[in-house]
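Trainee: Following is a predicted model, sequence given first.
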Amino acid sequence: MIDNKFTSFKIVGDFNTDVRSLYEAWATTAGIEKWFLRKANFYTVPRRTREPEEFIMTEDTYEWYWHGYDDTAVEKGSVLEANGTDSLKFTFSGGSIVSIYIYSRNGVSIVELTQTNIPEEADLSKNLYVQCQIGWTFYLANLKSVIEGGIDLRNKRLELGSSFK
């Protein structure tokens, strides 16, 4: 019998900002580069590069680059859903799927991030369940820091390498 408890996880964060600002932080090149990526390229179906403030759409593809890595470390994937207001879904590492849902509750905005379809791996250093949870926890904390205080917690110096190596 296969144990599915390590094939998905959910992380939830609260933010003192509006839902629209959080959606823009996830769904535009300019937004996602402020807290998550060194460089993001989103492409339309005819392969036009989206403008920095332009919202991504369902069926777009992407190339993502992180601080701490050179350009040979690139994540490529597809936007599976983008509703323009409060939810996104995209492919991610190892064929997994990340879903983002943003809503308001009790005067704050909430981001629910769920990663599913995570392949099983016995080696914890390669285990996406562990590594992605660590990474997303940091990046959601950084999103909160950037949005609420303007402080970016990422190491941006290539010579120091990534914090997640």
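Mentor: Thanks, I have the structure now.

Trainee: who touches the least confident helix or strand in the chain by mean pLDDT?
Mentor: One helix or strand of the chain scores below all others by mean pLDDT, DSSP states H and E: helix 128-149, with a mean of 95. With Cβ atoms under 8 Å, 6 or more residues apart in numbering as the test, helix 128-149 has contacts from 6-7, 9, 11, 13, 15-17, 21-22, 25, 34-36, 92-94, 96, 111, 113, 115, 118-121, 124-125, 151-154, 163-164. Heads up, the C-betas are built off the backbone N, CA and C, glycines and all.

Trainee: Narrow the residues you listed to those in strands?
Mentor: 9, 11, 13, 15, 111, 113, 115 (DSSP state E).

Trainee: what about residue 150, how many neighbours?
Mentor: Number of residues near residue 150 (other Cβ atoms under 10 Å) recorded here: 8.

Trainee: no no, residue 22
Mentor: 23.

Trainee: Residue 92 versus the closest residue in space to it that isn't next to it in sequence, what's the distance?
Mentor: Closest residue in space to residue 22, ignoring its immediate chain neighbours: residue 102 at 4.8 Å, by Cβ to Cβ, 6 or more residues apart in numbering. Noted for residue 102: a distance of 18 Å to residue 92, by Cβ to Cβ, to the nearest Å.

Trainee: Over to residue 114?
Mentor: Residue 114 is 11 Å from residue 92, by Cβ to Cβ.

Trainee: Could you do residue 27 as well?
Mentor: Distance of residue 27 to residue 92, computed by Cβ to Cβ: 15 Å.

Trainee: higher neighbour count, those two?
Mentor: Using other Cβ under 10 Å, the more surrounded residue of residue 27 and residue 92 is residue 27, with 26 against 20.

Trainee: Quick check: phi and psi at the more buried one.
Mentor: phi -110, psi 10 (degrees, to the nearest 10).

Trainee: looking at it, residue 14 is touching residue 112, isn't it?
Mentor: No: Residue 14 is beyond contact range of residue 112, at 10.5 Å (criterion: Cβ atoms under 8 Å).

Trainee: give me phi/psi at the closest residue in space to residue 52 that isn't next to it in sequence?
Mentor: Closest residue to residue 52 apart from its sequence neighbours, by Cβ to Cβ, 6+ apart: residue 30 at 3.9 Å. Note on residue 30: backbone dihedrals following degrees, to the nearest 10 are phi -60, psi -40.

Trainee: In contact with residue 105: list those residues for me.
Mentor: Counting by Cβ under 8 Å, 6+ apart, residue 105 has no contacts.

Trainee: Brilliant, that's me finished.
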